[in-house]
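Asks: just the structure for this:
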Amino acid sequence: MSSADPLADRAAPAVTPWWKSAVVYQVYPRSFQDSDGDGIGDLRGVIDRLDHLQRLGVDVIWLSPIYRSPQADNGYDISDYEDIDPVFGTMADFDELLDRAHARGIKILMDLVVNHSSDEHPWFVESRSSRDNPKRDWYWWRDARPGTIAGRPGSEPTNWESFFSGSTWEFDEQTGQYYLHLFDRKQPDLNWENPEVRQAVYAMMRRWLDRGVDGFRMDVINLISKHPDLPDGQVAEGHTYGDGFPFYGHGPRLHEFLQEMHREVFDGRSGLLTVGEMPGVTPEEAVLFTDPARRELDMVFQFEHVGLDHGEASKFVHREPDPGALAASFTRWQDALSDTGWNSLYLSNHDQPRTVSRFGDDREFWRESATALATILHLQRGTPYVYQGEELGMTNHPFASIDDVRDVESLNHYREQTDAGGVEGDLLVGIGRIGRDNARTPVQWDASPNAGFTTGEPWTAVNPNAALINAEAQYGVPGSVFEHYRSLIRLRHERSVVADGTFRRVPAGSDEVFAFERRLDDDVLLVVANLSSVSRVVQLDGGLEPWRDASLLLTNLPAKTVAAAEFAPWEARVYAL
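Replies: Now for the predicted structure:
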């Protein structure tokens, strides 16, 4: 790359991108809708439920991976980037979904997983076949640590710990070297230092865009550039392995790779959306990634707020966040990207537990907290993402046994901790609170057997509360979680202030009250939400009296006097001046 700044003479686009006023809906196909009775959701199931998505009002469907895969990590281990896994259907099914969604004005976002592939991908099969294979350098291969015997514990090239427990290195007996896998051993990391790898990825992306897809959500895209020396990481107290994140979390060529991707794939095309998942990204880094003038990404997924309840030792060890921590985190990101860049707004996805169980009160104030959390999310500056079932207030699943768990991350954690003497009951509590399986139980469509998800045996159990929490029970019901989401999405579409207005946090007299103002010229919104299970008196500067002449645009509880200062548990109000 030239030492001169290639971005110096580039100006930000003058036209407001469409995705600033859009709402994205994530479909995890395996658990969305089964059309053929095999217990696994599929593409024809997504087609069958397009009415639901159109009724909700979303603009984009993000599909979690549907490519061919051995399913070691539920599709995030891809063996063919350009074919559909038979469990989900055929390419003809995908083309039909694409056409039918587009006919309804809904765009399709594909999941791009190119930090790693499956170990069954032909690229890796060739790479591991011999040390002199032309594709050997398409992945990260290293000899054992000097002075050790290859294949024995402690001989791994570095001490890095995998996201899924254990070492990031797997010994290959056939060639006598180790390969790097930041996640499961069946997910070897691609070597982005090799230009042939990058060009193969870009060509694949162009073919999907040529087919008609509208962009990509890029899985852990900030991990693609590694420090070439792969140094050892610091070993924290109580840990066996070291923290390699400083050497692969934001590698030295990351911006270069993303700018090259933009030139090679997106230049000359319009109407697309790119969002990069970036664990560990800071607000300052996010500004660079999403600055339109830099031509990298449209927005990023940051992880600060979904790490608030993680213990120091592990995310499976719960830590109670400080009161107001969620609002403080959101405010920090709103302020950081206020002038340059763009936020993606989310509370849950396929890797996170259910929103209302994690950040709300899914027992006494289930509906109230589900709608309050939705209100504060959707009315910030950024593009909101709705994870399937979130619009219904779906909750965490009550896992009674490790036999009910399907997720490789949770299972690896369980095995590692039981081997270390962990107590099964305590481990299940941690997995039940934060485990990824919570997000992957089937969508609850109605009160029929298996919640209308399948006529067969579901691949993972349906939440037993489906008879009470389901789509059919909420359609058209004023105040239901679903109808509240519809109102929020409609508000974003109808009032430019939601997409384009400024954001300003308003002190409210309590850490647990999140109040903020959105302003665009003379259009002003005030959002106030009590994010707690006790009543709170809101103490804005000047009180609510200045808003006496405002209209109460939206609320999740029966309307009160506009200037009423007492907010019930999880009450949210949106004022318009």
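Asks: and the helices in the stretch 301-450 of the chain?
Replies: Applying DSSP state H, counting those that start in this stretch to the stretch 301-450 of the chain gives helices spanning 325-336, 355-358, 366-378, 408-419, 424-434.
Asks: and the strands in the stretch 201-350 of the chain, which stretches?
Replies: Assigned by DSSP state E, counting those that start in this stretch, the stretch 201-350 of the chain shows strands spanning 215-218, 273-277, 299-301, 344-345.
Asks: okay if I get the helices of the stretch 301-450 of the chain as TSV plus mean neighbour count and mean pLDDT?
Replies: (C-beta placed from N, C-alpha, C; glycine too.) Shown next, in TSV, are the helices of the stretch 301-450 of the chain (neighbours: other C-beta atoms under 10 Å; pLDDT from 0 to 100):
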stretch	mean neighbour count	mean pLDDT
helix 325-336	19	97
helix 355-358	25	97
helix 366-378	25	98
helix 408-419	18	87
helix 424-434	17	86
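Asks: can I get the ones you listed in CSV including distance to residue 252?
Replies: Below are the helices of the stretch 301-450 of the chain laid out as CSV (distance: least, C-beta to C-beta, whole Å):
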stretch, distance to residue 252
helix 325-336, 23
helix 355-358, 35
helix 366-378, 34
helix 408-419, 28
helix 424-434, 32
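Asks: of those helices, which is nearest residue 117?
Replies: helix 408-419 (16.1 Å; C-beta to C-beta).
Asks: figure out how far the closest one is from the centre of its chain.
Replies: Mean-position distance between helix 408-419 and its chain equals 23 Å (C-alpha atoms, centre = their mean, to the nearest Å).
Asks: again with stretch 426-435
Replies: Relative to the chain's own centre, stretch 426-435 is displaced by 20 Å; criterion: C-alpha atoms, centre = their mean.
Asks: what's the closest of the strands of the stretch 201-350 of the chain to residue 209?
Replies: Checking the strands of the stretch 201-350 of the chain against residue 209 by C-beta to C-beta gives strand 215-218 as the closest, at 8.1 Å.
Asks: show me the one of the helices of the stretch 301-450 of the chain that comes nearest residue 189.
Replies: Nearest to residue 189, of the helices of the stretch 301-450 of the chain and by C-beta to C-beta, is helix 408-419 at 16.5 Å.
Asks: helices of the stretch 51-200 of the chain, start to end?
Replies: With DSSP H, counting those that start in this stretch, the ranges of helices along the stretch 51-200 of the chain come out as 91-103, 122-127, 195-211.
Asks: and for the closest residue to residue 32 other than its chain neighbours, the neighbour number?
Replies: In this structure, residue 32 finds its nearest non-sequential neighbour in residue 41, 4.4 Å apart by C-beta to C-beta, 6 or more residues apart in numbering. By other C-beta atoms under 10 Å, the residues close to residue 41 number 27.
Asks: what's the burial count for residue 363?
Replies: By the measure other C-beta under 10 Å, the count of residues near residue 363 is 11.
Asks: distance of it relative to residue 178?
Replies: Per C-beta to C-beta, to the nearest Å, residue 363 is found 48 Å from residue 178.
Asks: just residue 68 next, same as before
Replies: In terms of C-beta to C-beta, residue 68 sits 26 Å off from residue 178.
Asks: higher neighbour count, these two?
Replies: Remark: of residue 68 and residue 178, residue 178 carries more neighbours, 24 against 21, as counted by other C-beta under 10 Å.
Asks: how about the more buried one, what does it touch?
Replies: Contacts here follow C-beta atoms under 8 Å, 6 or more residues apart in numbering; on that basis residue 178 touches 141-144, 150, 156-157, 169-172.
Asks: swap the cut-off to 10 Å and go again
Replies: The contact partners of residue 178, taken as C-beta atoms under 10 Å, 6 or more residues apart in numbering, are 140-145, 150-151, 155-158, 167-172.
Asks: which of those count as buried?
Replies: Neighbour-count burial (16 or more other C-beta atoms under 10 Å) is assigned, among those, to 140-141, 144-145, 150, 155-158, 167-172.
Asks: report the rounded mean pLDDT for stretch 231-244.
Replies: The average pLDDT for stretch 231-244 rounds to 92.
Asks: likewise stretch 115-133?
Replies: Average pLDDT, stretch 115-133: 98.
Asks: tell me which residues of that stretch are tucked away?
Replies: For stretch 115-133, burial by neighbour count (16+ other C-beta under 10 Å) applies to 115-121, 123-124, 127-128.
Asks: and stretch 37-53, by the same measure?
Replies: Within stretch 37-53, the residues that count as buried by 16+ other C-beta under 10 Å are 39-47, 49-50, 52-53.
Asks: backbone phi and psi for the residue minimising distance to the centre of the chain, please?
Replies: Centroid-nearest residue in the chain: residue 349, 4.6 Å away (criterion: C-alpha atoms, centre = their mean). Main-chain torsions, residue 349, degrees, to the nearest 10: phi -160, psi -170.
Asks: repeat that for residue 517.
Replies: Per-residue torsions, residue 517: phi -110, psi 140 (degrees, to the nearest 10).
Asks: who's it bridged to?
Replies: Beta-bridge pairing of residue 517 under DSSP bridges involves residue 504, residue 526.
Asks: how about it, what does it touch?
Replies: 497, 501-506, 524-528, 540, 575, 577.
Asks: likewise residue 484?
Replies: Residues near residue 484 by C-beta under 10 Å, 6+ apart: 367, 370-372, 374-375, 378, 391, 393, 474, 478, 554-556, 572.
Asks: on that earlier part again, report pLDDT for the residue nearest to residue 32.
Replies: The model's pLDDT for residue 41 equals 98.
Asks: same question for the one 5 residues further on.
Replies: According to the prediction, residue 46 has pLDDT 98.
Asks: need the buried ones from the contacts of residue 517 selected in PyMOL.
Replies: Buried residues among those (16+ other C-beta under 10 Å), as a PyMOL selection:
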select buried, resi 497+501+503+505+506+524+525+526+527+528+540+575
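Asks: go through the contacts of residue 517 and say which is closest to residue 319.
Replies: Using C-beta to C-beta, those come closest to residue 319 at residue 505, 24.1 Å.
Asks: my guess is that closest one contacts residue 376. True?
Replies: No - applying C-beta atoms under 10 Å, one finds residue 505 not in contact with residue 376, separated by 11.3 Å.
Asks: okay, and the common contacts of those two?
Replies: What both residue 505 and residue 376 touch, as defined by C-beta under 10 Å, 6+ apart, is the set 327, 330, 514-516.
Asks: of these, which is the nearest to residue 226?
Replies: Proximity of these to residue 226 was ranked by C-beta to C-beta; the top entry is residue 330 with 31.1 Å.
Asks: what distance do you get for the closest one to residue 370?
Replies: Noted for residue 330: a distance of 17 Å to residue 370, by C-beta to C-beta.
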